[in-house]
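Provided below for reference: sequence and predicted model.
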Amino acid sequence: MEPSTEPGAPRRTVESPRAQDHKHEMSESIAPMRPAEDGAAQSDNGGMPGDGASVLGDAAAPTSGAPIDAARLSRKSQLQLGFRDRVLFYLMAGVIHAFSLIPDFLLYPLGIAGGFIGYCLDRRHHPIGMKNLAIAFPERSESDRRRILRASYINLGRGAAEIIRLGGFFHQRLKRRVTYDRFAYWGEVAARNPGRGMIILSAHFGNFELLAPAHSMHGFQINLVHHTQRFLAGDALITFIRERAGVEILRKHSAARAVLKALRRGETVGIPFDQNAKRSEAIFVPFFGEPAATTSGLARIVAISGAPVVPAFIVREPNQRTHRIEIHDEVPIQRSGDSAADIEENTRRFVKVIEDVVRRYPEQFLWTHRRYRTRPRGMAPIYPPKKQ
């Protein structure tokens, strides 16, 4: 259901007619690239430079509407790039813009082909995916698990084609391919929790890179928590794509404080919650019945802020070209007075929500992540050691 048709939906900026969208996209995409004065890649008026990020944003309060405003867009994520990384960034951004000129009837098949080739040739991650699927679906045959893994790779290929479209010319067109399910529910939750902001729980699922930008392009500010990647040029590129769409990035090394500040401002912060955590940050909760090292940070932030947690996932529709943002019921939070028990139980509830949606759409999940890499002490490793 489109947000503009949902009764009680938050106010948002009025969408331009298609012809105006076309003119606006062209002016944004071809804005000249220039180096950042402080050594960081930046985005200016939709121009090429940017930096790096991760999920869903400010927007749900039915009274405020929270359209994108210039003051918040001025708070850019800072990522220091050396000369080599900056050159790589410009080259990759240029390539993406060039490929974005390919029409969809060719771009999507190329993405599918790339995903299938990745499935056939990716010797490093293929065994990880099969092991994860064996843990998640022991009742299924090996051939069925291979089918799911192959479909997951192809889903990534389709997503890559959409990222090319999102990162290049005419990126605003993608917002017409993303609709909402239960959009007004965000407003209902915000009305029950005035002044507390909202946390959107999500995962690397569907075309996860489209979730936040699409929400922003529909007219709503987004805060994303992101772990800076080692490949800085690639990190800068994905950040440029997200920030150009209106996404605000909270880098993980200082995210807790930034998240709490955003929640106090009544904003919404999105957090992907399906990645392995370091032992120093982790508690172990079941994910498909296997202990999974999961950060306790989200449960701690919820305990401090009192913010509600609402899961949302972007689901690829059967036609493979359009998407639906599925908004789930608010996660009930345990507040027993025993902080350690509450943190563990609430983390378990957050992970269970992700497990449930993955069971419904297993082909759309990222199975090649080493989710069980950090093990409880005394337990054997799940994955074989990396080859030197």
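Good, I have the coordinates.

partner strands of the helix or strand hosting residue 224 and their direction?
Assigning secondary structure by DSSP states H and E places residue 224 in strand 222-226. Within its sheet, and counting by DSSP bridges, strand 222-226 is paired with strand 247-251 (parallel), strand 268-272 (parallel).

could you identify which of these has the lowest mean pLDDT?
Ranked by mean pLDDT, those bottom out at strand 247-251, with a mean of 86.

so for the lengthiest helix in the chain, what's the average pLDDT?
When the chain is parsed with DSSP state H, its longest helix is helix 142-167. The average pLDDT within helix 142-167 is 97.

same check, this time on stretch 333-345
Averaged across stretch 333-345, pLDDT comes to 96.

so how far is the strand holding residue 224 off the chain centroid?
Chain-centre distance of strand 222-226: 8 Å, with C-alpha atoms, centre = their mean, to the nearest Å.

then that strand to CSV, C-alphas only?
Coordinates of each C-alpha in strand 222-226 appear next as CSV, following Å, rounded to 0.1, in the frame of the first residue of the first chain:
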residue,chain,number,x,y,z
ILE,A,222,16.7,8.1,7.6
ASN,A,223,19.4,7.4,10.1
LEU,A,224,21.6,4.3,9.5
VAL,A,225,24.1,2.6,11.7
HIS,A,226,27.1,1.5,9.6
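
continuing past that strand, what's the next helix or strand?
Next element after strand 222-226 (DSSP H and E): helix 232-245.

that next one vs helix 142-167, what angle?
Interaxial angle, helix 232-245 versus helix 142-167 (axes from the mean of the first three to the mean of the last three C-alpha atoms, to 10 degrees): 70 degrees.

other SSEs contacting helix 232-245?
Here helix 232-245 touches helix 83-99, helix 142-167, helix 208-217, strand 247-251, going by 3 or more C-beta pairs under 8 Å, 6 or more residues apart in numbering; DSSP states H and E. Where C-beta positions appear, they are placed from N, C-alpha and C, glycine not excepted.

make it 10 Å
When contacts are defined as 3 or more C-beta pairs under 10 Å, 6 or more residues apart in numbering; DSSP states H and E, helix 232-245 packs onto helix 18-29, helix 83-99, helix 142-167, helix 208-217, strand 222-226, strand 247-251.

so what secondary structure elements neighbour the longest one?
For helix 142-167, the packing partners by 3+ C-beta pairs under 10 Å, 6+ apart come out as helix 83-99, helix 104-121, helix 126-136, helix 208-217, helix 232-245, strand 309-316.

among these, which comes closest to residue 382?
With C-beta to C-beta, the closest approach to residue 382 among the helices and strands packed on helix 142-167 belongs to helix 126-136: 6.3 Å.

where does the stretch 101-250 of the chain have low pLDDT?
Applying pLDDT under 70 to the stretch 101-250 of the chain flags no residue at all.

which secondary structure state is assigned to residue 334?
coil (DSSP: H, G, I helix; E, B strand; the rest coil).

picking up where we left off before, any idea which of the helices and strands packed on helix 142-167 gets closest to residue 355?
Closest of the helices and strands packed on helix 142-167 to residue 355 is helix 126-136, at 8.2 Å (criterion: C-beta to C-beta).

what does the closest one contact?
Identification of contacts with helix 126-136 by C-beta atoms under 10 Å, 6 or more residues apart in numbering yields 118-120, 122, 140, 142, 144-150, 152-153, 287-290, 292, 355, 358-359, 362, 365-373, 382-384.

and these, which are buried?
118-119, 145-146, 148-150, 152-153, 287-288, 292, 355, 358, 362, 365-373, 382 (16 or more other C-beta atoms under 10 Å).

CA atoms of the helix or strand where residue 359 lies as CSV?
According to DSSP H and E, residue 359 maps onto helix 339-360. C-alpha atoms of helix 339-360 as CSV (Å, rounded to 0.1, in the frame of the first residue of the first chain):
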residue,chain,number,x,y,z
SER,A,339,19.2,-5.8,33.5
ALA,A,340,21.3,-8.8,32.5
ALA,A,341,18.3,-11.0,32.1
ASP,A,342,16.4,-8.3,30.2
ILE,A,343,19.2,-7.7,27.8
GLU,A,344,19.6,-11.4,27.0
GLU,A,345,15.8,-11.9,26.6
ASN,A,346,15.2,-8.9,24.5
THR,A,347,18.2,-9.7,22.2
ARG,A,348,16.7,-13.2,21.8
ARG,A,349,13.3,-11.7,20.8
PHE,A,350,15.0,-9.4,18.2
VAL,A,351,16.8,-12.3,16.6
LYS,A,352,13.7,-14.5,16.6
VAL,A,353,11.9,-11.9,14.5
ILE,A,354,14.6,-12.1,11.9
GLU,A,355,14.6,-15.9,12.0
ASP,A,356,10.8,-15.9,11.4
VAL,A,357,11.0,-13.7,8.3
VAL,A,358,13.9,-15.7,6.9
ARG,A,359,11.9,-18.9,7.3
ARG,A,360,9.2,-17.3,5.1
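
check which helices and strands it sits against.
Partner elements for helix 339-360 (3+ C-beta pairs under 10 Å, 6+ apart): helix 126-136, strand 198-202, strand 282-287, strand 290-295, helix 297-305, strand 309-316.

chain center to it, what's the gap?
On C-alpha atoms, centre = their mean, the centre of helix 339-360 falls 18 Å from the chain's centre.

what angle do that helix and strand 268-272 make?
Relative orientation of helix 339-360 and strand 268-272, computed by the same axes, to 10 degrees: 70 degrees.

offset the numbering so it begins at 33, please.
Sure, I'll start counting at 33 from here, so that last one is helix 371-392.

mind listing what's buried in helix 371-392?
Applying 16+ other C-beta under 10 Å to helix 371-392 flags 374-383, 385-387, 389-390 as buried.

stretch 256-265 too?
Neighbour-count burial for stretch 256-265, counted by 16+ other C-beta under 10 Å, picks out 256-258, 260, 264-265.

redo those residues as TSV? Include distance to residue 334.
Below are the buried residues of stretch 256-265 laid out as TSV (distance: C-beta to C-beta, whole Å):
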residue	distance to residue 334
256	18
257	14
258	19
260	24
264	32
265	35
